[in-house]
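Student: Provide a 3D model corresponding to the input given below.
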Amino acid sequence: MSFFAFDDVEHFYGEPEPVPGARVSFAPDKLIAARERPAGRQVDRQPAGDEGLLVNEIATDVVQWPSSLWRVADLELMRPIPAARWLRCRAFTVMEQVPAWLVAGPHGDVVEWVITQTRTLTGAQADALAALSDDGEEALKRTLWARWLRDHHTGSPVGCALTTLNRVITEAARRVGPQLFGPDDEEEVDVLTDPAWLRAFGAAYTAALALGAPELLTPQENAVLARRWTTVFGSPVLPGR
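Tutor: I've put the predicted structure just below:
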């Protein structure tokens with residue numbers, strides 16, 4: 001089984017757009033146009049030989065939360081990448097759309113709930129999360145990661161969800177105001193520095209791990225990790241659960 005993660009038209013270098021039954025082919029001109037837009041000039045139009053449509057063999061290897069996720073088959077491969085779990089394709093056939101939350105694993109629907117709440121986080125909610133005790137979180141987080149890394153050398157128990165959380169809480173904080181940010185001299189950019197919002201991010205992070213990878217800890221331990229988040233937002237109500 002292989003998966004194609006669709007972001008948006010700006011980052012899609014194929015045609016036609018994915019729908020069940022479509023044969024999607026790599027469109028080099030779309031990739032070249034995307035490279036030229038930020039440069040404001042023409043770029044080398046000679047293909048490097050390794051471009052193509054990126055397909056993942058495992059959904060949790062998708063590196064960015066997609067707007068839609070598709071199961072694909074009949075891959076027309078480009079140059080193979082030894083030992084890689086991703087492939088570059090000239091074309092593939094779209095089989096069906098599957099839930100985008102599969103990129104966070106079998107419990108990704110609960111992780112998606114945490115991301116959705118984080119995306120619209122308010123100052124009052126961040127303050128409420130920050131005011132709650134985080135006793136026990138750090139030790140349990142270390143235990144969870146140690147157990148994960150016993151069998152995995154890379155990646156995350158919830159796929160790209162943790163980096164997605166970092167992005168969406170930054171976006172939420174920017175809507176509140178610039179006073180929540182400060183300079184990062186090394187990167188020469190403004191980063192989130194407000195203590196309450198950083199603690200709120202910690203609550204989202206641990207809740208995503210506890211709810212998205214419950215097999216790594218006991219139910220009681222997972223409840224401690226998710227406690228701050230569920231105290232403020234309650235338990236997720238999801239179809240089929």
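
Student: could you report the neighbour count for the residue nearest to residue 230 when sequence neighbours are not counted?
Tutor: Once flanking residues are discounted, residue 230 sits nearest to residue 207: 7.2 Å by C-beta to C-beta, 6 or more residues apart in numbering. To be clear about C-beta, it is placed using only N, CA and C from the backbone, and glycine gets the same treatment. The number of residues packed near residue 207 is 29, by other C-beta atoms under 10 Å.

Student: may I have the helix or strand where residue 207 lies exported as PDB, CA atoms only?
Tutor: Per DSSP states H and E: residue 207 is located in helix 195-212. Extracted in PDB, the C-alpha atoms of helix 195-212 (Å, rounded to 0.1, in the frame of the first residue of the first chain):
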ATOM      1  CA  PRO A 195       6.000  31.600  29.000                       C
ATOM      2  CA  ALA A 196       2.300  30.900  29.100                       C
ATOM      3  CA  TRP A 197       2.100  30.000  25.400                       C
ATOM      4  CA  LEU A 198       5.200  27.800  25.700                       C
ATOM      5  CA  ARG A 199       3.500  25.900  28.600                       C
ATOM      6  CA  ALA A 200       0.400  25.600  26.500                       C
ATOM      7  CA  PHE A 201       2.500  24.100  23.700                       C
ATOM      8  CA  GLY A 202       3.900  21.600  26.200                       C
ATOM      9  CA  ALA A 203       0.400  20.600  27.100                       C
ATOM     10  CA  ALA A 204      -0.600  20.100  23.500                       C
ATOM     11  CA  TYR A 205       2.600  18.100  22.800                       C
ATOM     12  CA  THR A 206       2.100  15.700  25.700                       C
ATOM     13  CA  ALA A 207      -1.600  15.300  25.000                       C
ATOM     14  CA  ALA A 208      -0.800  14.400  21.400                       C
ATOM     15  CA  LEU A 209       1.700  11.700  22.500                       C
ATOM     16  CA  ALA A 210      -0.600  10.300  25.200                       C
ATOM     17  CA  LEU A 211      -3.700  10.200  23.100                       C
ATOM     18  CA  GLY A 212      -2.000   9.200  19.800                       C
END
